[in-house]
Every structure is written in structure tokens, then in C-alpha cells.
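**Student:** I'd like to go over a predicted model; first the sequence, then the structure.
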Amino acid sequence: MAVPTSRSRKAPTLRSRPKRSERAARSRDGGRGSRESLHHLVIDRLRAMIVDGALRPGARLREVQLSRALGVSRTPLREAFKILASEGLIALRPHRGGIVAPIDPNEIADVFEVMGELEHLAGRLLCERISNAEIAVLAQQHDRLIEFHRDGNRAEYFALNQEIHDRIVAFTRNAALLAIYRGFAGKIRRARAQANYDGARWAESVREHAAIMRAIKGRQAATLATRLRDHNAATGRAVIRLMKAPPTD
């Protein structure tokens with residue numbers, strides 16, 4: 001075995017010492033389950049970078065830079081690549097590395113179409129199964145949503161909006177529906193993050209949410225199902241229109 005020279009002395013140290021995020025993950029549980037904690041941490045952070053637009057569609061995923069940015073070694077990073085590739089967020093190319101998967105407006109339009117039917121089904125099931133306490137939770141979140149819109153806080157509004165829609169489906173207590181919904185919702189979140197809504201559409205969306213909340217409180221299944229599907233369709237049209245619009249300076 002060759003003896004490392006002074007120029008290569010740092011290489012064994014980098015491999016033998018875990019990165020800061022890895023050491024933190026291990027310290028939280030004394031080492032038990034640290035690998036799983038780190039695995040989820042890297043996946044969540046990398047997914048957020050893609051969905052929020054920090055990593056643009058088509059961008060090459062440079063392992064060295066991402067490893068440094070996330071404070072982890074390349075092994076958990078590569079594991080995260082595989083998971084996110086299964087979600088359609090990353091495209092893995094043999095011997096060439098990965099890239100952030102491009103966004104196809106036509107594909108996103110198809111996904112919105114499916115999501116509309118999923119939300120329509122969720123609306124019908126929800127009114128039969130949601131508890132009064134869960135309705136109160138959604139009402140509180142809706143009030144916060146209105147505050148975020150009033151304050152012009154788009155980032156917080158967007159995050160809470162996604163959470164409300166997810167809870168509506170979760171409160172149907174249909175695990176299969178929720179799993180399918182979340183799988184498609186990831187693709188829609190990413191597309192929506194790329195498109196900046198204009199003020200008119202944002203205000204319209206708030207009014208649609210108010211109508212959805214009234215239907216939930218009244219347990220009006222047919223009305224809620226229609227409101228959810230129409231809201232999804234309007235959002236889809238706005239996103240696709242903005243995605244296809246020529247860039248402006």
C-alpha cells in the first residue's frame with residue numbers, strides 16, 4: 001500500500017471523520033437510528049432545494065458541492081438521489097451523474113387533471129368521516145391562511161396551503177387515496193414553486209378556500225367535492241399559463 005504524501009494527507013481524514021450533520025444525527029440518539037435520521041434529513045433538505053427552486057430544472061447535481069452545502073458525505077447524498085429519482089424530481093444518468101428533472105408543462109397539466117379527481121373523491125369522503133375537532137383544526141389553519149394573504153407572506157401562505165390540502169385528504173382516513181395524492185402532489189408543488197402567482201389569482205384562490213371551508217363546516221359533500229375540483233382546475237390553468245409564458249426581464 002502506498003504511503004500518502006503530504007499533499008494527500010487530508011483525504012483519509014475526510015473519509016474517516018463524519019461531517020457535522022452526520023455527527024449531529026448520531027449525537028441525538030447516541031448512535032441508534034442515526035443512519036436513518038441522516039438519510040431522511042438529506043432527502044428532506046435536497047427535496048426542498050429542488051421544490052423551492054434553489055436547484056433549477058435541468059441543473060447538474062454536483063456531488064462535491066452538495067456534500068459541502070448539506071454537511072454530509074457523498075454516501076447519504078447518493079442514497080437521497082435514488083429516493084428523489086423515484087419521486088420524479090431527479091433524473092439519474094449512467095456514468096454522467098444526476099440532474100434536476102426538467103418540468104414538462106404538458107405532464108404537469110396531466111397531473112393536475114388527475115389531482116382534480118382525487119380531490120373530488122376526497123371531498124365526498126371527508127364530510128362523512130371528519131370529526132368536529134378536525135374541522136376546528138382546518139378552520140384555524142384557514143384563518144392563518146387569510147392572515148398570510150393579508151400580510152403578503154407568499155412563502156408561509158404557500159406552505160400552509162399545501163398542508164391544508166394534505167390534511168383534507170388525510171382526514172378521509174383512506175390510506176390508499178392519501179398515498180396516491182401525496183405522490184402526485186410532490187410534482188405539483190414543484191411546478192407551482194416555479195410559477196409566481198399574480199395578485200389577482202392569489203386573491204381568487206383565497207376566495208375559493210373560503211368557499212371550501214364553508215362546505216367543510218356544513219358537511220356538504222357534493223358541494224365540497226365540486227369546490228375542490230374547481231379550485232384545483234383554476235390553479236392548474238394559472239400554473240400552466242405562467243410556465244408557458246415567455247420570460248420577462
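**Tutor:** That came in fine, so what should we check first? This one's a predicted model, so the numbers in the text were calculated from it and none came from an experiment.
**Student:** low-scoring pLDDT stretches of this protein, where are they?
**Tutor:** Low-confidence segments of the chain (pLDDT under 70): 1-35, 193-197, 247-249.
**Student:** in which helix or strand does the residue nearest the centre of it reside?
**Tutor:** Residue closest to the average C-alpha location in the chain (Cα atoms, centre = their mean): Gly186, at 4.7 Å. If you go by DSSP states H and E, Gly186 is part of helix 175-194.
**Student:** and the helix or strand just after that helix, which residues are buried?
**Tutor:** Next along the chain after helix 175-194, taking DSSP H and E as the criterion, comes helix 199-217. Within helix 199-217, the residues scored as buried using 16 or more other Cβ atoms under 10 Å are Arg201, Trp202, Glu204, Ser205, Val206, Glu208, His209, Ala211, Ile212, Met213, Ala215, Ile216. Any C-beta I mention is one placed from the backbone N, CA and C, and that applies to glycine too.
**Student:** over to Val51: give its phi and psi.
**Tutor:** phi -60, psi -40 (degrees, to the nearest 10).
**Student:** oh, that last question was meant for Val100, not what I typed.
**Tutor:** phi -70, psi 130.
**Student:** which residues does it contact?
**Tutor:** Ile50, Leu55, Arg56, Pro57, Gly58, Ala59, Leu61, Leu89, Ile90, Ala91 (Cβ atoms under 8 Å, 6 or more residues apart in numbering).
**Student:** per the annotation, how does this protein divide into domains?
**Tutor:** 20-100, 105-244 (automatic domain parsing).
**Student:** residue boundaries of the strands in this structure?
**Tutor:** For the chain, applying DSSP state E gives strands covering 90-93, 97-100.
**Student:** ranking those strands by burial, who's on top?
**Tutor:** Of the strands of the chain, the one with the most neighbours on average (mean count of other Cβ atoms under 10 Å) is strand 97-100, at a mean of 18.
**Student:** got the CA positions of that strand in CSV?
**Tutor:** C-alpha atoms of strand 97-100 as CSV (Å, rounded to 0.1, in the frame of the first residue of the first chain):
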residue,chain,number,x,y,z
GLY,A,97,-24.4,11.8,-12.8
GLY,A,98,-27.8,13.2,-12.0
ILE,A,99,-29.7,16.3,-13.0
VAL,A,100,-32.8,18.0,-11.6
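**Student:** off-centre distance for it?
**Tutor:** Taking Cα atoms, centre = their mean, to the nearest Å, one finds strand 97-100 lying 18 Å from the centre of the chain it belongs to.
**Student:** quick check: phi and psi on Pro102?
**Tutor:** Pro102 adopts backbone torsions of phi -60, psi 160, taken as degrees, to the nearest 10.
**Student:** quick one: residues contacting it.
**Tutor:** Residues in contact with Pro102, defined by Cβ under 8 Å, 6+ apart, are Pro57, Gly58, Ala91.
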